[in-house]
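Asker: Pasting the sequence and the predicted coordinates here, then a few questions.
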Amino acid sequence: MNFIKRPVHFLGYLAVKAATVLFALLPWDRAVKAGAFMGRAATGLVRGRFELTKENIRRALPELSEAQVRETALKSWENMGVVVAEVLSAAQLGKKEFLSRFEVANPQVLRDLQRQGRGAIVHFGHFANWELAAVGISALDLPVCAVVRHIRNPYVDDMLKAIRTRFGAEIIFHRDPFFSCVRNLKRGKFLGILMDQNCPAGDIYAPFMGRQAATTPLTALLALKLQTPVLPMRVTRANGKLLVTFEEPIYPDTAYSPETMHALIDKLNARLEAWIRAEPHLWLWAHNRWKREGDAIRFIKGGKHHAARAAA
């Protein structure tokens, strides 16, 4: 990777390694409780980000009272702490023990596609523990790859890469991933793409939870141009386990055009929105999903919105 390794990065890495050792000494349930505690405690250390969390919830779910907004925000931060605890704890587990904490409700959906020699795009978001979802599927000996972003600390980035790939999953870094994704789909792999994060470049905007958001077109482009099914994957928690459920595949029934691309983006966003409304405390409200909302509004007011759709 192109990031410069600095002393401060190494110190941060040492802190993460120390936390890994600590969580390895704790039983899983206690590690989860410790993570939840740390997540809630962190809201007092980064007040600005916690206020952004509440504002995002307030605007997306106006039906909630202020007390409900705050409680949802706190639980979302608790979940972030649990994600960290689970990832660091899972780094020490063997496959059998890991799978005792992970369940796929309907793995036959993937196995049926595998028997047909077909790959699929797995559509999911920052719910529950999104990091371990692909790890768990690869632990079931299914061919998985995922598009991911680098962590700014290169030492931690390498460490997280090792965790993500420890049971055979492959990763594709997010800069210019299109052709790498095409190759993996043609090889019959299941390609995971997170679609609910801010897209830092490009002029593809779509409504998301009532606000305009810069959105990656990658899932829709791949599905339409390759006529590849999209598998919505809901990630939640149940009975002390991370639970993955695949919903009905979305089969593109038309060829690519700017209009069909945007229609599919809207359909995929609607699926994410339904999951958020069902379990808002499990979504990552703290990330700045609407960071480029101002760009979107200026873009649309400038009369470029429809032109951009025509030229996409």
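Answerer: The structure has been received and is ready for your questions.

Asker: Could you point out the longest strand of this protein?
Answerer: strand 230-238 (DSSP state E).

Asker: tell me the average confidence for the strand or helix carrying residue 274?
Answerer: Per DSSP states H and E, residue 274 falls inside helix 258-278. Averaging pLDDT along helix 258-278 yields 96.

Asker: circling back to that earlier point, pull out the buried residues from the longest strand of the chain.
Answerer: For strand 230-238, burial by neighbour count (16 or more other CB atoms under 10 Å) applies to 230-237. No exception for glycine: its C-beta is placed from N, CA and C like everyone else's.

Asker: Looking at those residues, which is nearest residue 41?
Answerer: Lowest distance from residue 41 to the buried residues of strand 230-238 (CB to CB) belongs to residue 237, with 20.6 Å.

Asker: Tell me what angle the longest helix seen in the chain forms with strand 230-238.
Answerer: In the chain, ranked by residue count with DSSP state H as the criterion, the top helix is helix 66-90. With axes from the mean of the first three to the mean of the last three CA atoms, to 10 degrees as the basis, helix 66-90 and strand 230-238 are set at 100 degrees to each other.

Asker: rewinding a little: mind giving me the packing neighbours of the helix holding residue 274?
Answerer: Packed against helix 258-278 by the contact rule (3 or more CB pairs under 8 Å, 6 or more residues apart in numbering; DSSP states H and E) you find strand 205-208, helix 218-226, strand 230-238, helix 305-311.

Asker: Report how many residues lie close to residue 192.
Answerer: Close neighbours of residue 192, defined as other CB atoms under 10 Å, add up to 24.

Asker: Okay, and the beta partners of it?
Answerer: residue 122, residue 146 (DSSP bridges).

Asker: Go ahead and confirm it touches residue 147.
Answerer: Yes. Look at residue 192 against residue 147 with CB atoms under 8 Å: they come within range, at 7.0 Å.

Asker: Pull the residues that contact stretch 46-63.
Answerer: Residues from elsewhere that reach stretch 46-63 (CB atoms under 8 Å, 6 or more residues apart in numbering): 43-44, 64, 66, 69-70, 72-73, 76-77, 209-211, 276-277, 280, 285-286, 288-290.

Asker: Could I have the buried ones of those as ChimeraX selection syntax?
Answerer: This is how ChimeraX selects the buried members of these, with burial counted by 16+ other CB under 10 Å:
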select :43,69,70,72,73,76,77,209,276,280,285,286,289,290
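
Asker: residue ranges of the helices in the stretch 51-200 of the chain, please?
Answerer: Under the criterion DSSP state H, counting those that start in this stretch, the stretch 51-200 of the chain contains helices at 66-90, 95-99, 108-115, 130-139, 154-164, 178-186.

Asker: re the thing from before, how far off helix 108-115 does the longest strand of the chain point, in degrees?
Answerer: 140 degrees.

Asker: So for the helix holding residue 274, what gets flagged as buried?
Answerer: Quick answer for helix 258-278 (16+ other CB under 10 Å): 260-262, 264-265, 268-269, 271-273, 275-276.

Asker: and the two most separated of the residues you listed?
Answerer: 260 and 276 (24.7 Å).

Asker: which helices and strands sit right next to the helix or strand harbouring residue 243?
Answerer: Residue 243 belongs to strand 241-246 when assigned by DSSP H and E. Packing contacts for strand 241-246, counted by 3+ CB pairs under 8 Å, 6+ apart, involve strand 102-104, helix 130-139, strand 230-238.
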